[in-house]
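J.: How does the following fold in three dimensions:
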Amino acid sequence: MADQLTLLAHAARGGDARALDAFVTASYQDVWRLCASLVDDQAADDLVQETFLRITTALRRFRGDASARTWVLAIARRVCIDELRARTKQRRRDAALAADRGTPVSAPDSDLAVRDLLSHLDVDRRTAFVLTQLFRLSYDEAARICECPTGTIRSRVARARDDLIRLTSDTATTHRVSQPERP
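T.: You can find the predicted model right below:
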């Protein structure tokens, strides 16, 4: 039996404007959280808008092979990946321009320690970790969203955990070493 979000997606696909509004409202928070987790809070609103633009365009092709939540999060993931790729290209251009001018490139400030830790993860590992650990999706659902085998998701989550443990232990060691000794 289909969940409520999937039923709304089918109704919206059929042209029901109220169902479309309810569908967007019901899925908005998950999409925003994923965009904020994969990219950042400041870009999340714009990424959510882009996601729902893509969703409304693609809604007529929604078949319901997976739940609507899985489908929506897969589209949001693709939007985030596109944004991260664009940012990487822009950073490379900025770094090359700064190198030509002989000016140093400054790193962006991070507002939260957790977000900073997650940002150090490879995007595939971060996505798998966020979907399974923060969104509490099953490994199978995350695999459908990421368009890869379930075993790959399991591996990415395990490696992300290892990376996070290493990053937090590196941070703890740095803080212990940098603190002045007490007389």
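J.: Neighbours of residue 58, how many?
T.: Using other Cβ atoms under 10 Å, residue 58 has 12 neighbouring residues. In short, each C-beta sits where N, CA and C put it, glycine included.
J.: Packing partners of the strand or helix carrying residue 163?
T.: Here residue 163 is covered by helix 150-178, with elements defined by DSSP states H and E. Contacts of helix 150-178 with other secondary structure elements, assessed using 3 or more Cβ pairs under 8 Å, 6 or more residues apart in numbering; DSSP states H and E, are made with helix 113-119, helix 123-129, helix 139-146.
J.: and the first one, which residues are buried?
T.: It stands for helix 113-119. Along helix 113-119, the positions that meet the burial threshold by neighbour count (16 or more other Cβ atoms under 10 Å) are 117, 118, 119.
J.: The longest one too?
T.: For helix 139-146, burial by neighbour count (16+ other Cβ under 10 Å) applies to 139, 141, 142, 143, 144, 145, 146.
J.: and what of stretch 144-160?
T.: Residues of stretch 144-160 classed as buried by neighbour count (16+ other Cβ under 10 Å): 144, 145, 146, 152, 153, 156, 157, 159, 160.
J.: if I pick the residue lying closest to the fourth one once chain neighbours are set aside, what's in contact with it?
T.: If I follow you right, that is residue 152. Distance criterion Cβ to Cβ, 6 or more residues apart in numbering; nearest residue to residue 152, sequence neighbours excluded, is residue 143 at 7.0 Å. The neighbourhood of residue 143, defined by Cβ atoms under 8 Å, 6 or more residues apart in numbering, consists of 149, 150, 152, 153.
J.: how close does the first one get to residue 34?
T.: Residue 149 sits 21 Å away from residue 34, taking Cβ to Cβ, to the nearest Å as the criterion.
J.: and if you look at residue 16?
T.: For residue 16, the distance to residue 34 (Cβ to Cβ) stands at 25 Å.
J.: who has more neighbours, these two?
T.: A direct count of neighbours by other Cβ under 10 Å for residue 16 and residue 34 places residue 34 higher, at 26 against 14.
J.: sec struct for that one, please.
T.: Under the three-state scheme (DSSP: H, G, I helix; E, B strand; the rest coil), the conformation of residue 34 reads as helix.
J.: Report the contact partners of it.
T.: Taking Cβ under 8 Å, 6+ apart as the contact definition, residue 34 lies against 73, 76, 77, 80, 130, 131, 135.
J.: So which residue is smack in the middle of the protein?
T.: For the chain, the residue sitting closest to the mean C-alpha position, by Cα atoms, centre = their mean, is residue 38 at 2.9 Å.
J.: hang on, isn't it packed against residue 127?
T.: Yes. With contact defined as Cβ atoms under 8 Å, residue 38 reaches residue 127; the gap is 6.2 Å.
J.: which residues are in contact with both of those two?
T.: Listed as contacting both residue 38 and residue 127 by Cβ under 8 Å, 6+ apart are 77, 80.
J.: Thanks a lot, catch you later.
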